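[1] My questions concern the predicted model and sequence given below.
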Amino acid sequence: MNKLTEAVKHLLIVNVLFFIATSLYGDMMYEWFSLWFPKNENFQFWQSVSHMFMHGGIAHIGFNMFALWMFGGPVEQYLGKNKFLFIYFSAGLGAALFQVAFYYFNYLPVFTELVDSGLTGDEITRMLTSNQTLGQLTQSQLYNLQEIFPIYNASMVGASGCIMGILAAFGLMNPNAELMMIFLPIPIKAKYFIPGIILLDVVSAITGQSFFSPSNTAYMAHVGGAVVGFAIMWYWKKNSFNKNRWN
């Protein structure tokens, strides 16, 4: 059985406390601590960190905390507490950056097209906020508003990006470890399993087709967390971090 390491234990406690608070205070917690699209009036700078401790339901937090215990313990034992926390939070920030960048990639061209069609930025924002149209709009304008409405009002919660970073680090530590998905109970080596999961997330982000996750999953956040976790762990291994370890 995996040892419950110090940093993992504290992260589990904080996540559970946030989940209890969310169960008690509901919308207020989501409004304050979810990561909102930066154009949305609900966006606050601290949400880039606070969203890592928010979850959307018992299954969401249950799966993430199980993965944190399963993979976080071995990674923390291997890296030490400080480096483990560094890679955990860096992966979470990377997840936020990738997802927000993906949102902007899809949002900005459509917003520009709406402005070019004669709408002002303020009018567009008011309609996206209220979900009500102002005056007579063309079919093209209505379609474009519908395209960016879910982006403007998107919020992101969960430790999944952090977990993906830890999973990528685990894969570099143990490339031949055999892993399995709940819905696909076939053992696959980590060096194939983890890139496969990342590829599926990229495909899901581009096509909107979900394979194993709920349809509202922030797929690019998973990719961002994994990429950052992999990059940091690869750099440390390449530079023989064990000789310059800090705990």
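    That came in fine, so what should we check first?

[2] Okay, the most centrally placed residue in the chain and residue 205: tell me how far apart.
    By C-alpha atoms, centre = their mean, the mean C-alpha position of the chain lies nearest to residue 221, the distance being 3.4 Å. Distance of residue 221 to residue 205, computed by C-beta to C-beta, to the nearest Å: 9 Å. Placement of C-beta: from N, CA and C, glycine included.

[3] before we move on, the earlier item: helices or strands next to the host helix or strand of the residue nearest to the centre of the chain in the packing?
    Assigning secondary structure by DSSP states H and E places residue 221 in helix 219-238. Helix 219-238 sits against helix 81-116, helix 160-173, helix 190-207, with contacts defined as 3 or more C-beta pairs under 8 Å, 6 or more residues apart in numbering; DSSP states H and E.

[4] Give the buried residues for that helix.
    Neighbour counts using 16 or more other C-beta atoms under 10 Å place 219-233, 236 of helix 219-238 among the buried residues.

[5] what does the model give the residue in the chain sticking out farthest from the centre for pLDDT?
    Relative to the centre of the chain, and counting by C-alpha atoms, centre = their mean, the farthest-placed residue is residue 136 at 37.9 Å. We note a pLDDT of 86 for residue 136 in this prediction.

[6] And residue 191, by the same measure?
    We have a pLDDT of 72 for residue 191.

[7] what does residue 17 give?
    As predicted, residue 17 sits at a pLDDT of 97.

[8] How about the secondary structure of it?
    Look at residue 17: counting by DSSP: H, G, I helix; E, B strand; the rest coil, its state is helix.

[9] didn't residue 5 look like it was pressed against residue 81?
    Yes. The criterion here is C-beta atoms under 8 Å, and residue 5 meets it with residue 81 at 7.4 Å.

[10] Who has more neighbours out of the two?
    Between residue 5 and residue 81, residue 5 has the larger neighbour count (other C-beta atoms under 10 Å), namely 19 against 16.

[11] Please name the spatially closest residue to the more buried one (chain neighbours excluded).
    Once flanking residues are discounted, residue 5 sits nearest to residue 76: 4.2 Å by C-beta to C-beta, 6 or more residues apart in numbering.
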